[in-house]
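[1] need a structure here:
(one chain, ligands or ions: 2)
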Amino acid sequence: MERLKYLKLLAKQYPSIADVTTELINLNAILNLPKGTEHFLTDIHGEYEAFSYHLRSASGVLMFKIDDIFGYSIPEWEKKNLATLICYPHERLKRVKEQEQRLEDWYRVNIYRLLSVCKVVSSKYTRSKVRKSLPSDFTYILDELLNLESTQLNKEDYYNQIINTIVELDRSDEFIAAISKVIQRLAVDRLHIIGDIYDRGSAPEKVMDELMAYHSVDIQWGNHDILWMGAAQGHPLMVATAIRIALRYGNLECLEEGYGINMLPLGHLAMDVYKDDPCEEFMPRQSNEEFYAEKDRNLIARMHKAIAIIQFKLEGQLIKRRKEFAMDDRNLLEQVDYKNGSLMVNGREYSLTSCHFPTIDPKDPCQLTTEEQEVIDRLSFYFRNSEKLQKHIHFFYTNGALYLRYNGNLLYHGSVLLNKDGSFQNFTIDGEDYQGKALLDKLEALVRKAHYTQNINDVDWLWYMWTGPKSPMFAKQKMATFERYFTREKSLHKEALNPYFTLRENSDICRSILLNFGLNPEQGHIITGHTPVKAAKGESPIKADGRLLVIDGGLSMAYQAKTGLAGYTLIYNSWGLRLVSHKPFQSVERVIEEGVSVNSEMRVLKKTNRKRVADTDVGKSLLAEMEALRELLTAYQSGQLHEGEQFIAG
Ligand SMILES: O=P(O)(O)OC[C@H]1O[C@](O)(COP(=O)(O)O)[C@@H](O)[C@@H]1O
Ligand SMILES: [Mn+2]
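    Ligands and ions are numbered 1, 2, ... in the order given. As a prediction, the model looks like this:
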């Protein structure tokens, strides 16, 4: 009975035998197409230009495609220029116009070449899917051109005429920009971002704009993203932490220009309180000498210290408020001896590099001064009311989650907590025990609940996930921020990793994780980020005989010295898995000047027989849809339902 009701509903969409059979033929054709290409990127950390280049060039794959298509028929430099045109059409066109004598000829040749590339990248999709991805201005023309061969009998003139007309009507620039975008878009069917879009680099807000405009993307929340998700709710401690990190890297533009956060109140506090403090340990990192004058750097350092102290005070308050987080040892302001200028850790005393804490009352070190309170209230207000920030963060809830199972693979940013013996580590939350997948599900539910209730006690959980020892996204014993600013004791700077990070080298462990998440342990892979792979020191991103891949290759500039690379892109296409490692991205200007070059290296990790859509998750749901359509067809053919019956009530 239920099934009949369902078929009646389906009949509304397919009211005749002809409709059902057309759809069945269509779905069957889709199932036989090659599997769409998935790209995986992680730990973007605000590095907008490099990130954008990866999207535009399909992480270098575009160059390989152009090579395949044109081979030796055109010289190397022309292939480079064609790739540049596809990646940066506006910038490249500007350059061409300055140099080219015979512009109309140039347009014709290049439009032909772009069409050849577009035909290859679109050949994996149905005509209908390609049509949907075409820009409205040129849908008709592009659809015609992509589905015709210039040499096709009787159509040659027609094809050439369309191109001539585009050139004559002075629409070439728009056409080239449009077709380039289509090529970029069709080269990747699905993009996975394994977390940590925010912090360190200068423009996470631009990364978010680009992701939101992207045709198909999912995000696995990283600890830095969760920090911003909490800050966007106006949680004062997370606001302070996000600002502290921004100042540490001298990223005022992201806050002020990107999100409209007014930093003036913090500037005032900094100059009132730390005017005579050189704040050496708080000088912004990276080569910000280029961007900031000495005077500005001094101001940033003072603001940095002012917000760091607010952060440490608020941490102490939260730790006392949330006993169940069991983080008393991280309430460091209460472990400082303000007279001796030292820090007590496990009964040992370590001297501080500076004990200039003019806003701290040693009797109640975690109490904010009135001015500090006013500043953090205002900053929290700005975060909550930044329209752009709210829009970006909303995207994490709609397109993101703590983990994702996709085409048999398991994607998460950090870890699944393990004990030393490889068993799943338990976390008791509100009296219930959680481990492995169940723990991630519980934590994700807490994040979504906090978004809904906006209650500070609920939002506190996001802070725990940012830095708590049992947070699978952080998965380190402590975050040694205070120790790094205020002591020189190396042993205190160490952040011990959860045993997971050693155990992930073992393929049996990885199999047990895949099983725990309901995936096939012999076929699936775990794909993660979070810990930069020290490739320069010989570390491999491929762990556990290929069962687990860590693809944090240092897209973040601040970490490139550690990795010796500038990031990885993992590619899963119909032929298997490949890992591309990138060299540092210099600048858009340099690409325009020198042409796109292959600055990546491709490694084949796994070769398979060509996979079709039928072998994917989408294929599975298409097969289920086809089964229902077959039932509907039988119902029509056996007279159980009449064609057009959707109009009959009940
Ligand atoms: O290098 P920075 O920016 O000072 O950050 C160091 C901090 O970042 C962390 O590594 C967390 O960031 P990741 O998630 O990118 O690893 C902390 O463990 C550490 O204290
Ligand atoms: Mn991380």
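[2] For the strand or helix carrying residue 375, give the mean pLDDT please.
    For residue 375, the enclosing helix or strand under DSSP states H and E is helix 370-385. Helix 370-385 shows a mean pLDDT of 98.
[3] Could I get the buried residue list for it?
    372, 375, 376, 378, 379, 380, 382, 383, 384 (16 or more other C-beta atoms under 10 Å). For glycine as for every other residue, the C-beta is placed from the backbone atoms N, C-alpha and C.
[4] Heading C-terminal from the worst-scoring helix or strand of the chain on mean pLDDT, find the next helix or strand.
    Least confident helix or strand, the chain: strand 600-607 with a mean of 74, by mean pLDDT, DSSP states H and E. Heading C-terminal from strand 600-607, the first helix or strand you meet, by DSSP H and E, is helix 617-637.
[5] and that next one, which residues are buried?
    Neighbour count says helix 617-637 has 618, 619, 622, 628, 629, 631, 632, 633, 635, 636 buried, by 16+ other C-beta under 10 Å.
[6] same check, this time on stretch 391-410
    Residues of stretch 391-410 classed as buried by neighbour count (16+ other C-beta under 10 Å): 392-393, 396, 400-410.
[7] Reformat these as JSON lines; add pLDDT.
    As requested, the buried residues of stretch 391-410 are arranged in JSON lines below (pLDDT from 0 to 100):
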{"residue": "392", "pLDDT": "98"}
{"residue": "393", "pLDDT": "98"}
{"residue": "396", "pLDDT": "98"}
{"residue": "400", "pLDDT": "98"}
{"residue": "401", "pLDDT": "98"}
{"residue": "402", "pLDDT": "98"}
{"residue": "403", "pLDDT": "98"}
{"residue": "404", "pLDDT": "98"}
{"residue": "405", "pLDDT": "98"}
{"residue": "406", "pLDDT": "98"}
{"residue": "407", "pLDDT": "96"}
{"residue": "408", "pLDDT": "96"}
{"residue": "409", "pLDDT": "97"}
{"residue": "410", "pLDDT": "98"}
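[8] now, among the residues you listed, which is nearest to residue 32?
    Distance to residue 32, by C-beta to C-beta, is smallest for residue 407 among the buried residues of stretch 391-410, at 17.0 Å.
[9] Could you pull up the contacting residues of that closest one?
    Residues near residue 407 by C-beta atoms under 8 Å, 6 or more residues apart in numbering: 35, 38, 572, 616, 617.
[10] Restrict those to the buried ones and give me that as a PyMOL selection.
    Restricted to buried positions by 16+ other C-beta under 10 Å, the PyMOL selection for those reads:
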select buried, resi 35+38+572+616
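[11] Throw the contacts of residue 407 into TSV and include pLDDT and distance to residue 292, thanks.
    Output for those, formatted as TSV (pLDDT from 0 to 100; distance: C-beta to C-beta, whole Å):
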residue	pLDDT	distance to residue 292
35	93	48
38	96	40
572	94	42
616	96	49
617	96	48
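[12] what's the helix holding residue 375 packed up against?
    When contacts are defined as 3 or more C-beta pairs under 8 Å, 6 or more residues apart in numbering; DSSP states H and E, helix 370-385 packs onto helix 223-232, helix 236-248, helix 264-273, helix 294-321.
[13] now the closest residue to ligand 2 within the stretch 51-200 of the chain, nearest residue through space, not along the chain?
    Of all residues in the stretch 51-200 of the chain, residue 196 sits closest to ligand 2, at 4.5 Å by C-beta to the ion. The shortest distance from residue 196 to any non-neighbouring residue, by C-beta to C-beta, 6 or more residues apart in numbering, is to residue 222 (3.4 Å).
[14] Now do residue 554, the pLDDT please.
    Reading off the confidence values, residue 554 has pLDDT 87.
[15] neighbours around it, how many?
    Counted with other C-beta atoms under 10 Å, the neighbours of residue 554 add up to 27.
[16] Quick one: residues contacting residue 479.
    467, 495.
[17] just to revisit the earlier point, list just the nearest of the buried residues of helix 370-385 to residue 509.
    Using C-beta to C-beta, residue 383 comes nearest to residue 509 of these, at 39.5 Å.
[18] got a list of what the closest one touches?
    Residues near residue 383 by C-beta under 8 Å, 6+ apart: 231, 232, 233, 234, 239, 242, 259, 261, 389.
[19] repeat that with 7 Å
    The neighbourhood of residue 383, defined by C-beta atoms under 7 Å, 6 or more residues apart in numbering, consists of 231, 232, 234, 239, 261, 389.
[20] Find the nearest non-adjacent residue to the residue of the stretch 501-650 of the chain found nearest ligand 1, please.
    Nearest residue of the stretch 501-650 of the chain to ligand 1: residue 530, at 5.5 Å (C-beta to the nearest ligand atom). Of all residues not flanking residue 530 in the chain, residue 414 sits nearest, at 4.5 Å (C-beta to C-beta, 6+ apart).
[21] and the closest residue to ligand 2 within the chain, how many neighbours?
    Ligand 2 sits closest to residue 530 of the chain, with a gap of 4.0 Å, by C-beta to the ion. Counted with other C-beta under 10 Å, the neighbours of residue 530 add up to 25.
[22] I figured residue 468 hits residue 324, correct?
    No: the pair residue 468 / residue 324 is not scored as a contact, 10.6 Å apart, by C-beta atoms under 7 Å.
[23] just to revisit the earlier point, whichever helix or strand comes after the helix holding residue 375 to helix 223-232, inter-axis angle?
    Downstream of helix 370-385, the next assigned helix or strand under DSSP H and E is helix 387-399. Interaxial angle, helix 387-399 versus helix 223-232 (axes from the mean of the first three to the mean of the last three C-alpha atoms, to 10 degrees): 130 degrees.
[24] Please name every helix or strand in contact with helix 387-399.
    helix 204-213, strand 217-220, helix 223-232 (3 or more C-beta pairs under 7 Å, 6 or more residues apart in numbering; DSSP states H and E).
[25] Give the rounded mean pLDDT of the shortest one.
    For strand 217-220, mean pLDDT is 98.
[26] CA atoms only for that strand - export them in CSV, please.
    In CSV, the C-alpha atoms belonging to strand 217-220 read as follows (Å, rounded to 0.1, in the frame of the first residue of the first chain):
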residue,chain,number,x,y,z
VAL,A,217,31.9,21.2,-3.0
ASP,A,218,31.8,19.8,0.5
ILE,A,219,33.9,20.7,3.5
GLN,A,220,35.1,18.6,6.4
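[27] where's it relative to the chain centroid, distance-wise?
    6 Å (C-alpha atoms, centre = their mean, to the nearest Å).
[28] hmm, who's touching that strand?
    Defining contact as C-beta under 7 Å, 6+ apart, one finds that strand 217-220 is touched by 191-195, 211, 396, 399-404, 411-413.
[29] For the stretch 501-650 of the chain, which residues are neighbours of ligand 1?
    Within the stretch 501-650 of the chain, the positions adjacent to ligand 1 are residue 530 by C-beta under 6 Å from any ligand atom.
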